[in-house]
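S.K.: kindly return the folded structure for what I paste below:
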Amino acid sequence: MHVGEEKLENSSYNFAIPFDAIIKDVKAQISNKNIITINLIYEKSKDEDSNNNIFGQKFVENNSENAILIINGIKSELIEKYNLKEGINNIQIIIENKLINLKDMFNGVNSLKNIEELKNLNTEEITDFSGMFSYCSSLSDIKALENWNVSNGNDFSGMFSYCSSLSDIKALENWNVSNGKNFEGMFMGCPTLSNIKGLENWNVSKGNNFSYMLNECSSLSDINALQNWNVSNGNNFSYMLNECSSLSDINALQNWNVSNGNNFSYIFNKCSSLSDIKGLENWNVSKGNNFSYMFNECSSLSDINSLQNWNVSNGNNFSYMLNECSSLSDINALQNWNVSNGNNFSYIFNKCSSLSDIKGLENWNASNGNNFEGMLMGCSSLSDINALQNWNVSKGNNFLFMFKECSSLSDIKGLENWNVSNGNNFSGMLSYCSLLSDIKALENWNVSNGNNFSFMFNECS
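M.R.: Residues are numbered from 1 along each chain as shown. Purely as a prediction, here's the structure:
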């Protein structure tokens, strides 16, 4: 059937698309009747074989290289299902009923620049906007969306993710997102996004998932627009500001109610400019169970006193929490932390090269800990570990690299009463402790379950 030779009725026209076409440009046009015409200008590959298809039918050849798809009022899966991004010159989509789903509509159309004609699209019934412009890496201007009615939207996840040219979202300032629940990765991977004032008046009170929302927004240095957000229903904050390497101040978050949050992993991971975390002083993290990588590689962070009153009693995963915080010299702020439910302490202070005092750990109840791998590895300024002398590590099985490269450590008497009877991996535990010459403190250790002692004291004097 040649497109254009049949009347448009309530049916679907199946068509196939060459896999190897190269898109050059994308333009969208919307009529008042919700007729969307998407023009894709593409180059054909050298291989003119028209047998390549998606639906099991040969590609319909015609002079205009047009195809028409009628969608019966449910949703458009143009990119995901029909592989539209692989090329066809002109697609006209006629939506006969009201749209309720724009999920992934332009996902992966990396040539999309001009969306001006979307400004009249009736979105009042749309509930799912997830992934709509995801990976539209050429899209820099979204002003056409400023008057969209998104009041019924509940899923905004990944909507603008990896829009790497997007620097300003002021056009969204009047959006009513009050029914939004899922904001996961909404602006993830937007490295040029530096201005988020458009989010200042957003009502996100129904939101429960804020994970990855501003992940990898490496140009973002000011988050004051978020200071009045009501995130009290949020439970997942993981990766929210991950790799926001220009962010130095998070005081805007000081009034956030995160009392329902359970996952805080990676929230500030690799925020290498972050030096001030006073905004977290009053956070109620009592339901949190995952704190892994929370401040990982925050190399400018030297003061963590704001965390001293945190209730982390439900936390079980503290791995890499302060890993490579190379400016951190004092962890006394953590002295009253209840970590009794913690089982994973691996690399929590790894490569904290300025850390010389660990008295803050003296009263920690690590009795449920089983993984102590690399816990204080690379703490090259640490000379005294007596604070650990009363630790109950009887459930510990992994002590791999625990004190590796603690090059200032010469006295390990703090370990002499440790019960390591469940330990199986002691590999490299004290390796490269170049000042360590006496290991008499370990003479009564029961290591009968140990199976790996390789390089345990390698390069010790």
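S.K.: shaky segments in this protein?
M.R.: Within the chain, the segments meeting pLDDT under 70 span 1-100, 117.
S.K.: can we see that at 80?
M.R.: Where the chain drops to pLDDT under 80, the residues are 1-101, 105-106, 109, 111-112, 114, 116-118, 120-121.
S.K.: tell me where it has strands.
M.R.: 22-30, 35-43, 66-71, 90-95, 112-114 (DSSP state E).
S.K.: paired strands for the shortest one, with orientation please.
M.R.: Pointing back at strand 112-114 there. strand 22-30 (parallel) (DSSP bridges).
S.K.: which of the residues in stretch 288-296 are buried?
M.R.: Neighbour-count burial for stretch 288-296 flags Gly288, Asn289, Asn290, Phe291, Ser292, Tyr293, Met294, Phe295, Asn296 (criterion: 16 or more other CB atoms under 10 Å). Heads up, the C-betas are built off the backbone N, CA and C, glycines and all.
S.K.: closest to Trp364 out of those residues?
M.R.: The nearest member of the buried residues of stretch 288-296 to Trp364, counting by CB to CB, is Phe291 at 14.0 Å.
S.K.: tell me the spacing between the closest one and Phe268.
M.R.: From Phe291 over to Phe268 the distance is 11 Å, taken as CB to CB, to the nearest Å.
S.K.: and for Ser356?
M.R.: Relative to Phe268, Ser356 is positioned 24 Å away (CB to CB).
S.K.: distance between the ends of stretch 293-305?
M.R.: Using CA to CA, to the nearest Å, the end-to-end distance of stretch 293-305 comes to 18 Å.
S.K.: who touches stretch 189-199?
M.R.: The list of residues contacting stretch 189-199 from outside it, by CB atoms under 8 Å, 6 or more residues apart in numbering, reads 160-173, 187, 214-223, 225-226, 229, 246.
S.K.: which among these end up buried?
M.R.: Using 16+ other CB under 10 Å as the burial test, the contacts of stretch 189-199 include 160-166, 168-169, 171-172, 187, 214-218, 220, 223, 225-226, 229 as buried.
S.K.: what about the helices in the protein?
M.R.: 78-82 (DSSP state H).
S.K.: which of the residues in stretch 448-461 are buried?
M.R.: Neighbour-count burial for stretch 448-461, with 16+ other CB under 10 Å as criterion, is recorded at Gly450, Asn452, Phe455, Met456, Phe457, Cys460.
S.K.: oops, could you answer that again for stretch 199-218 instead?
M.R.: Burial within stretch 199-218, assessed by neighbour count using 16+ other CB under 10 Å, is assigned to 199, 202, 204, 206-218.
S.K.: ok, stretch 230-243 next?
M.R.: Val231, Asn233, Gly234, Asn235, Asn236, Phe237, Ser238, Tyr239, Met240, Leu241, Asn242, Glu243.
S.K.: between the buried residues of stretch 448-461, which sits nearest Ile439?
M.R.: Using CB to CB, Phe457 is the member of the buried residues of stretch 448-461 that lies nearest Ile439, at 6.7 Å.
S.K.: isn't that closest one up against Leu436?
M.R.: Yes - counting by CB atoms under 8 Å, Phe457 does reach Leu436; the two are 7.5 Å apart.
S.K.: now the common contact residues for these two.
M.R.: Joint contacts of Phe457 and Leu436 (CB under 8 Å, 6+ apart) are Leu430.
S.K.: which positions in stretch 259-273 come out as buried?
M.R.: Under the neighbour-count criterion of 16+ other CB under 10 Å, stretch 259-273 has 260-272 buried.
S.K.: closest one to Ser134 out of these, please.
M.R.: Closest to Ser134, out of all of the buried residues of stretch 259-273 and judged by CB to CB, is Tyr266, at 20.3 Å.
S.K.: and Asn228, what does it touch?
M.R.: Glu200, Asn255.
S.K.: then the one 4 residues further on?
M.R.: Counting by CB under 8 Å, 6+ apart, Ser232 touches Ser205, Asn257, Ser259, Asn260.
S.K.: residues contacting the residue nearest to the third one when sequence neighbours are not counted?
M.R.: In this structure, Ser259 finds its nearest non-sequential neighbour in Asn284, 4.3 Å apart by CB to CB, 6 or more residues apart in numbering. When contacts are counted by CB under 8 Å, 6+ apart, Asn284 is found next to Asn257, Val258, Ser259, Asn311.
S.K.: I'd like to know how far Asn284 sits from Tyr266.
M.R.: In terms of CB to CB, Asn284 sits 20 Å off from Tyr266.
S.K.: do Asn350 as well
M.R.: 16 Å.
S.K.: what of Trp283?
M.R.: Per CB to CB, Trp283 is found 16 Å from Tyr266.
S.K.: again with Asn417
M.R.: 36 Å.
S.K.: send the alpha carbons of stretch 397-410 over as PDB?
M.R.: Output of stretch 397-410 as PDB, limited to C-alpha atoms (Å, rounded to 0.1, in the frame of the first residue of the first chain):
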ATOM      1  CA  ASN A 397      34.300 -11.600  57.900                       C
ATOM      2  CA  ASN A 398      36.100  -9.100  55.600                       C
ATOM      3  CA  PHE A 399      39.000  -7.100  56.800                       C
ATOM      4  CA  LEU A 400      40.700  -6.700  53.400                       C
ATOM      5  CA  PHE A 401      42.800  -3.600  53.100                       C
ATOM      6  CA  MET A 402      41.300  -2.200  56.300                       C
ATOM      7  CA  PHE A 403      44.400  -0.200  57.300                       C
ATOM      8  CA  LYS A 404      46.300  -0.400  54.000                       C
ATOM      9  CA  GLU A 405      48.600   2.600  53.300                       C
ATOM     10  CA  CYS A 406      48.200   4.100  56.800                       C
ATOM     11  CA  SER A 407      51.800   5.100  56.400                       C
ATOM     12  CA  SER A 408      52.000   7.000  59.800                       C
ATOM     13  CA  LEU A 409      50.700   4.100  61.800                       C
ATOM     14  CA  SER A 410      53.300   2.600  64.100                       C
END
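S.K.: buried stuff in stretch 140-149?
M.R.: Neighbour-count burial for stretch 140-149, counted by 16+ other CB under 10 Å, picks out Ile142, Ala144, Leu145, Trp148.
S.K.: identify the residues contacting the last one.
M.R.: Think Trp148. Lys119, Leu121, Thr123, Trp175.
S.K.: and what of the third one?
M.R.: Contact partners of Leu145, counting by CB under 8 Å, 6+ apart, are Ile115, Leu118, Lys119, Ala171, Leu172.
S.K.: and which of the residues you listed is nearest to Ser138?
M.R.: Closest approach between the contacts of Leu145 and Ser138, by CB to CB: Ile115, at 10.8 Å.
S.K.: neighbours of the closest one, how many?
M.R.: By other CB atoms under 10 Å, the residues close to Ile115 number 21.
S.K.: wait, it sits on Ile142?
M.R.: Yes - Ile115 is in contact with Ile142 according to CB under 8 Å; the separation is 6.9 Å.
S.K.: my guess is Lys113 contacts Ile142, does it?
M.R.: No - at 11.0 Å, Lys113 does not count as touching Ile142 under the criterion of CB under 8 Å.
S.K.: identify the contacts common to the two.
M.R.: With CB under 8 Å, 6+ apart as the test, Lys113 and Ile142 reach no residue in common.
S.K.: perfect, that will be all.
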